[in-house]
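> sequence below, structure please.
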Amino acid sequence: MNETPDLTIITATWNRAKWLRNCCEQIQQQSLSGVCWEHVIVSDGPDDVAEKIADDYNARFAALPAHVGDLGASCNNRGLELARGRYVVFFDDDNIYHPHALCALYSSAQDVEIGVCQTRHRDQFIPASQQEPLRFGQVDSM
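Next up, the predicted model:
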């Protein structure tokens, strides 16, 4: 891809082929017409199956040299290093996403100076207020 993407979707994974494939399917079904995007899959250690799935869905793939086991934090950091998009979103491989989730987030970020889009997770806003800092483990995805 020569064009700089508008959006980078990062997915951390580790030995979860079925869930990763499902996540890739959901990304392919997102309503993103007119938005140039890329998908970066980062495995928490070598994973030939995840690499094959990434190839099947035209996603860029990277693997950490060895399993870290920090709930995807190192994978997400590596994904940020590889991201080329103006905006970045994290899509966990084990979640179910509304088909317009990426479109809604991308649209919300247009024409405003923004660092983080607030999303709803399990019927709670994260963070609860702008004065409350995010804590480790508080945000599951997006």
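> quick one: the helices in the chain?
Applying DSSP state H to the chain gives helices spanning 17-28, 48-56, 73-82, 101-109.
> out of those, which gets nearest to Phe91?
Closest of the helices of the chain to Phe91 is helix 17-28, at 6.0 Å (criterion: CB to CB). For glycine as for every other residue, the C-beta is placed from the backbone atoms N, C-alpha and C.
> can you pull the buried residues of that closest one?
Residues Leu20, Arg21, Cys23, Cys24, Gln26, Ile27 are the ones in helix 17-28 that count as buried (16 or more other CB atoms under 10 Å).
> roughly how far apart are the first one and Cys36?
In other words, Leu20. Counting by CB to CB, to the nearest Å, the separation of Leu20 from Cys36 is 23 Å.
> what residues are bridge-paired with Ile10?
Beta-bridge partners recorded for Ile10 (DSSP bridges): Val40, Phe90.
> measure it to Gly69 for me?
Distance from Ile10 to Gly69, counting by CB to CB: 18 Å.
> out of these two, which sits in the busier spot?
More crowded of Ile10 and Gly69, by other CB atoms under 10 Å: Ile10, with 25 against 11.
> ok, that one touching Asp93?
No. The criterion here is CB atoms under 8 Å, and Ile10 misses it with Asp93 at 10.8 Å.
> closest one of the buried residues of helix 17-28 to Ser74?
Nearest to Ser74 among the buried residues of helix 17-28, counting by CB to CB, is Leu20 at 17.0 Å.
> coming back round to it: so which of the helices of the chain gets nearest Val40?
Judged by CB to CB, the one of the helices of the chain that comes nearest to Val40 is helix 73-82, at 4.9 Å.
> just the CA atoms of that closest one, as PDB, please.
Written as PDB, here are the backbone C-alpha positions of helix 73-82 (Å, rounded to 0.1, in the frame of the first residue of the first chain):
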ATOM      1  CA  ALA A  73       0.400  -4.600  26.200                       C
ATOM      2  CA  SER A  74       3.700  -5.400  24.500                       C
ATOM      3  CA  CYS A  75       1.900  -6.400  21.300                       C
ATOM      4  CA  ASN A  76      -0.100  -3.200  21.300                       C
ATOM      5  CA  ASN A  77       3.200  -1.200  21.800                       C
ATOM      6  CA  ARG A  78       4.800  -3.000  18.900                       C
ATOM      7  CA  GLY A  79       1.700  -2.300  16.800                       C
ATOM      8  CA  LEU A  80       1.900   1.400  17.600                       C
ATOM      9  CA  GLU A  81       5.500   1.300  16.400                       C
ATOM     10  CA  LEU A  82       4.400  -0.200  13.100                       C
END
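> okay then, goodbye and thanks.
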